[in-house]
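# Sequence first, then the predicted structure, then my questions.
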Amino acid sequence: MAKPIHMMIRVLDLERSISFYRQAFGLEVADRFDFDDFVLVYLRGPESEFEIELTLNKGRTEPYSHGDGYGHVAFVVEDLDAEHRRLTELGFAPAPIKEFYREGGLMARFFFVQDPDGYKIEVLQRHGRYR
């Protein structure tokens, strides 16, 4: 069976992105590879081996277009309200908390926040299928 190991996003300011993911989600640099034209940084948290690969293309000055195909990456937390407050206090401006109901029961509580390059990140309350 295949095992998911990472997802990649392109960034303009590597240090700003590393700082965001560290502060917002506790991800730390697992590896960093500097090449002539680009830099790859792999971020990992303590609860999972899954990584976010930040790719910096050297010399790029224009923001990347996300087009209409990019969805989001998601993180699950124990206390959604506390995380929303914490990210707000850090100045990351998370969207309001939303709730989805299905067949009369709560399916999900969540909010979105954007990283420095505008990538959407879903933060979900640990509940049901979101573990």
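Happy to help now that I have it.

# which residues are contacting stretch 78-95?
20, 23-24, 77, 97, 109-114, 123-126 (C-beta atoms under 8 Å, 6 or more residues apart in numbering). Just so you know, the C-beta spots here come from the backbone N, C-alpha and C atoms, and that holds for glycine as well.

# These in helices, which ones?
Using DSSP state H, F20, Q23, A24 are the members of those that sit in helices.

# Quick one: the helices in the chain, in order.
Remark: helices assigned in the chain by DSSP H are 14-25, 80-89.

# So for R102, which of those helices sits nearest?
For R102, the closest of these is helix 80-89, at 17.8 Å, according to C-beta to C-beta.

# just to revisit the earlier point, buried subset of the contacts of stretch 78-95?
F20, A24, V77, R109, F110, F111, V113, V123, L124, Q125 (16 or more other C-beta atoms under 10 Å).

# who's in contact with the fifth one?
I take that to be F110. L80, I97, K98, F100, E122, V123, L124, Q125.
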